[in-house]
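In: Give me the fold of what follows.
(2 chains)
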There are 2 protein chains.
Amino acid sequence: MPELRRDPIHGRWVIISTERSRRPSDFTPEERRPIGGFCPLCEGNEDRTPPEVLAFRDNGTPPNSPGWMLRVVPNKFPALRIEGELNREGEGIYDKMNGIGAHEVVIETPRHYETLATLPLKAVENVLWAYRERIIDLRRDERLRYVLVFKNHGVAAGASLEHSHSQIIALPIIPTTVREEIEGSKNYFSYKDRCVFCDIIRQELQQRHRVITENSSFVSIAPFASRFPFETWILPKIHHPSFEHTESSLFEQAAQILSDTLQRLNQVLDDPPYNYIIHTSSMEQDQDYYHWHVEIMPKLTKVAGFEWGTGFYINPTLPEEAAEYMREVK
Amino acid sequence: MPELRRDPIHGRWVIISTERSRRPSDFTPEERRPIGGFCPLCEGNEDRTPPEVLAFRDNGTPPNSPGWMLRVVPNKFPALRIEGELNREGEGIYDKMNGIGAHEVVIETPRHYETLATLPLKAVENVLWAYRERIIDLRRDERLRYVLVFKNHGVAAGASLEHSHSQIIALPIIPTTVREEIEGSKNYFSYKDRCVFCDIIRQELQQRHRVITENSSFVSIAPFASRFPFETWILPKIHHPSFEHTESSLFEQAAQILSDTLQRLNQVLDDPPYNYIIHTSSMEQDQDYYHWHVEIMPKLTKVAGFEWGTGFYINPTLPEEAAEYMREVK
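Out: Got it, this is the predicted structure:
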């Protein structure tokens, strides 16, 4: 059973998850690790994943068989497990709880070599619909406090499978980063009576130094304080705290800007490894001051001692220049 | 000139440092990047670094010439620059300041293939003495608020030079991670009237599940809430807020446990890439509730979307098992 442990100094939680238990000899440098071979996410291999919890498939095809456009399945090696009661306990000065939660995999396409940047718009939109449906379903579980959607693309960005997929983790506590963002937005709102994200969008659309691309409902920018080279955020122009309760009519536009932005990244950086995350409001209360968004982080530099020791980041690329490169590609 | 920028939501600062300006084509995956060739840190190449600010050398040898055991030089591509006034300014809703600070390189040995784990104890102790001297000197600069010592060992841990070295960065603001640790220790102290680190040491020495090694003045442990597999902290058994004001008599013991711990890591994990940092109290006030320490973070797994999105970490190795492996090596 995975375990959540809290650092008594920071209050930072970690998940000790020994599902894929790692002994010293298991940590081989990535160059030596082969990619390729059998893929459990490809069409025809449905019996090699846990049974699907959601699928978009051709009429008449039975679950866990070919004929699908998209499948969502529980992670075979979950960081957290859905079964059981949430027990919190102490161990001397330390605090821990058992690792209750959910960990799912969104298989974005039946075909091995397609990616979010090459899929047709309709397929990208389906991915967003799947995220939405799963978040809404997982939020019904009262033990869970936050649902994070994220994607690791490429070995250097932590993807252990090559086949295009994203992941959903539902957690029994609100994660630090999300809490800090929510607190920050709340403080800004109580000071200015405006949403900080709306203010960012307003200033970016006016200055245009850091705008990458936009459509009628979304804008994609290189954030002013980018932590990483070519970091990119996608923001809905219309204020809404939560991704999953956003108007259905916006999903087509959301798919368009996500696809457009990823295509630009691919062209400027030659299919770089990247992570993206969707930040939506937490389940705690109405968070009208919060504004959902997507953060895309290409993995081009190494996070090293300085970053671990400070929480600061050193970024060798001017966000304004990154935006210019991204704007100029066809 | 580097620039410090503040994220308006989190309040997180980043350093935009274009000293080694990176265009898209400069980001080549690490496998393609050659290591080897000319080394500016080797003995005999003293003219290829900026002039030394500190050196331990044979009597009679002139500065910036051979005959040294250890040199400290300014970083040739500094993330921050020491020249100028600290100017804070706004840009619409954003905040920034110019990148005032210091960035130095501690060259730990004149010989290319030695490392902290293979150097004689006296040489490791010299490294610690150099850290101490540089921190005390940099703290005299009133524009600076924190000095971080860190080390990147191995390409995967962000080292761009193979020759054994560590780095010192002095910053005009107290970094988030340090502030959170200081705040956390303060809160614990006001609740318990005890230092949280002292309580950790007491519990670890009693339980012994996570103790790796110890000597009369220091203990090395796998922390209860380790973020990374084989994460290791070195803690002084006697309470002291700051590394640089620690009693001189402890430096020999500090060198011994650092060397011992790194040798164990090397044996268990076959010379893994790692980062370490020294956390010492900030310059703001007497921080009696704080306790300096070293955090060693082997770079064995990838930090990916989940970690960026949450601030949580997923650790696949039980700290108790890691400690056992580390304890058992000869």
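In: what does the stretch 101-250 of chain A have sitting close to chain B?
Out: Within the stretch 101-250 of chain A, the positions adjacent to chain B are A:146, A:148, A:150-152, A:156-159, A:167, A:169, A:171, A:175-178, A:180-181, A:184-185, A:188, A:196-197, A:199-200, A:203, A:207, A:223-227, A:229-230 by Cβ under 8 Å from any Cβ of the partner chain. Any C-beta I mention is one placed from the backbone N, CA and C, and that applies to glycine too.
In: For PyMOL, write a command that selects the buried ones of those.
Out: The following PyMOL line selects those of these that are buried, judged by 16 or more other Cβ atoms under 10 Å in any protein chain shown:
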select buried, chain A and resi 146+148+150+151+152+156+157+158+159+167+169+171+175+176+177+178+180+181+184+185+188+196+197+199+200+203+223+224+225+226+227+229+230
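In: for chain A, what spans make up the helices?
Out: A:121-138, A:176-192, A:196-207, A:251-269, A:305-310, A:319-328 (DSSP state H).
In: Next, format those helices as TSV and append mean pLDDT.
Out: Shown next, in TSV, are the helices of chain A (pLDDT from 0 to 100):
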stretch	mean pLDDT
helix A:121-138	97
helix A:176-192	92
helix A:196-207	96
helix A:251-269	97
helix A:305-310	91
helix A:319-328	94
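In: Any chance of a markdown table for those helices, columns distance to A:Thr213?
Out: Converted to a markdown table, the helices of chain A look like this (distance: least, Cβ to Cβ, whole Å):
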| stretch | distance to A:Thr213 |
| --- | --- |
| helix A:121-138 | 14 |
| helix A:176-192 | 24 |
| helix A:196-207 | 12 |
| helix A:251-269 | 5 |
| helix A:305-310 | 29 |
| helix A:319-328 | 7 |
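In: most packed of those helices?
Out: Most buried of the helices of chain A, by mean neighbour count (mean count of other Cβ atoms under 10 Å in any protein chain shown): helix A:305-310, with a mean of 24.
In: measure stretch A:207-216 end to end?
Out: With Cα to Cα, to the nearest Å as the measure, stretch A:207-216 spans 18 Å from end to end.
In: buried sites along that stretch?
Out: Residues of stretch A:207-216 classed as buried: A:209-214 (neighbour count, 16+ other Cβ under 10 Å).
In: before we move on, what about stretch A:287-302?
Out: Of the residues in stretch A:287-302, A:287, A:289-302 count as buried by neighbour count, 16+ other Cβ under 10 Å.
In: near chain B too, which of the residues you listed?
Out: Among those, the residues lying close to chain B (Cβ under 8 Å from any Cβ) are A:295, A:297, A:300-302.
In: Distance of the closest residue to chain B within the stretch 151-300 of chain A relative to A:Ala323?
Out: Residue nearest to chain B within the stretch 151-300 of chain A: A:Gly158 (2.8 Å; Cβ to the nearest Cβ). Distance of A:Gly158 to A:Ala323, given as Cβ to Cβ, to the nearest Å: 26 Å.
In: Low-confidence ranges, the stretch 1-150 of chain A, go.
Out: Along the stretch 1-150 of chain A, segments meeting pLDDT under 70 span A:20-22, A:28-36.
In: go with 50
Out: A:31-32 (pLDDT under 50).
In: where exactly do the strands run in it?
Out: Ranges of strands in the stretch 1-150 of chain A, per DSSP state E, counting those that start in this stretch, are A:3-6, A:13-16, A:54-57, A:68-74, A:88-91, A:94-98, A:102-107, A:146-153.
In: out of those strands, which comes closest to B:Glu114?
Out: strand A:13-16 (34.0 Å; Cβ to Cβ).
In: Can you list the neighbours in contact with that closest one?
Out: Strand A:13-16 has contacts (Cβ atoms under 8 Å, 6 or more residues apart in numbering or on different chains) with A:2-7, A:79-80, A:99, A:173, A:175-176, B:225-227, B:312-315, B:317-319.
In: partners of it, with directions?
Out: Strand pairing for strand A:13-16, determined by DSSP bridges: strand A:3-6 (antiparallel), strand B:313-315 (parallel).
In: With respect to burial, which of those scores highest?
Out: Ranked by mean neighbour count, those are led by strand B:313-315 with a mean of 23 (mean count of other Cβ under 10 Å).
In: Could you give the separation of that strand from the chain centroid?
Out: 21 Å (Cα atoms, centre = their mean, to the nearest Å).
In: swap in stretch A:268-276?
Out: On the basis of Cα atoms, centre = their mean, stretch A:268-276 sits 15 Å off its chain's mean C-alpha point.
In: May I have that stretch exported as CSV, CA atoms only?
Out: Extracted in CSV, the C-alpha atoms of stretch A:268-276 (Å, rounded to 0.1, in the frame of the first residue of the first chain):
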residue,chain,number,x,y,z
VAL,A,268,10.9,25.5,-33.0
LEU,A,269,12.5,22.8,-30.8
ASP,A,270,12.3,19.6,-32.9
ASP,A,271,9.8,17.5,-31.0
PRO,A,272,11.1,18.4,-27.5
PRO,A,273,10.3,16.4,-24.3
TYR,A,274,7.7,18.3,-22.3
ASN,A,275,5.3,18.2,-19.4
TYR,A,276,2.0,19.8,-19.2
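In: List the buried residues in it.
Out: For stretch A:268-276, the buried set under the neighbour-count rule, 16+ other Cβ under 10 Å, comprises A:268-269, A:272-276.
In: could those go into TSV alongside distance to B:Leu119?
Out: Below are those laid out as TSV (distance: Cβ to Cβ, whole Å):
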residue	distance to B:Leu119
A:Val268	43
A:Leu269	39
A:Pro272	38
A:Pro273	35
A:Tyr274	39
A:Asn275	37
A:Tyr276	43
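In: For the residue located most distally from the centre of chain A, which non-adjacent residue is closest in space?
Out: In chain A, A:Gly92 marks the outermost C-alpha relative to the chain mean, sitting 35.0 Å out by Cα atoms, centre = their mean. Nearest residue to A:Gly92, sequence neighbours excluded (Cβ to Cβ, 6 or more residues apart in numbering or on different chains): B:Gln203, at 4.6 Å.
In: Please apply the same query to A:Lys151.
Out: Spatial nearest neighbour of A:Lys151, chain neighbours left out: A:Ser166 (3.9 Å); criterion: Cβ to Cβ, 6+ apart.
In: Quick one: residues contacting the one you found.
Out: Counted by Cβ under 8 Å, 6+ apart, A:Ser166 has contacts A:105-106, A:108, A:127, A:131, A:149-151.
In: same thing but 10 Å
Out: Counting by Cβ atoms under 10 Å, 6 or more residues apart in numbering or on different chains, A:Ser166 makes contact with A:72, A:104-108, A:116, A:127, A:130-131, A:149-153, A:276-278, B:305.
In: repeat for A:Leu171
Out: By Cβ under 10 Å, 6+ apart, the residues touching A:Leu171 are A:4, A:13, A:15, A:79-80, A:99-103, A:138, A:143-148, A:178, A:282, B:306, B:310, B:312.
In: which residues touch the spatially closest residue to A:Pro273 that is not a sequence neighbour?
Out: Nearest non-adjacent residue to A:Pro273, counting by Cβ to Cβ, 6+ apart: A:Gly154, 2.9 Å away. The contact partners of A:Gly154, taken as Cβ under 10 Å, 6+ apart, are A:35, A:115, A:162, A:271-275, A:298-299, B:29, B:302.
In: hmm, back to that, output the strands of the stretch 1-150 of chain A in a markdown table, with distance to A:Ile257 appended to each entry.
Out: Shown next, in a markdown table, are the strands of the stretch 1-150 of chain A (distance: least, Cβ to Cβ, whole Å):
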| stretch | distance to A:Ile257 |
| --- | --- |
| strand A:3-6 | 35 |
| strand A:13-16 | 32 |
| strand A:54-57 | 21 |
| strand A:68-74 | 20 |
| strand A:88-91 | 41 |
| strand A:94-98 | 38 |
| strand A:102-107 | 19 |
| strand A:146-153 | 15 |
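In: For the closest residue to A:Arg111 other than its chain neighbours, the count of nearby residues, please.
Out: Spatial nearest neighbour of A:Arg111, chain neighbours left out: A:Glu43 (7.2 Å); criterion: Cβ to Cβ, 6+ apart. If you count neighbours by other Cβ atoms under 10 Å in any protein chain shown, A:Glu43 ends up with 17.
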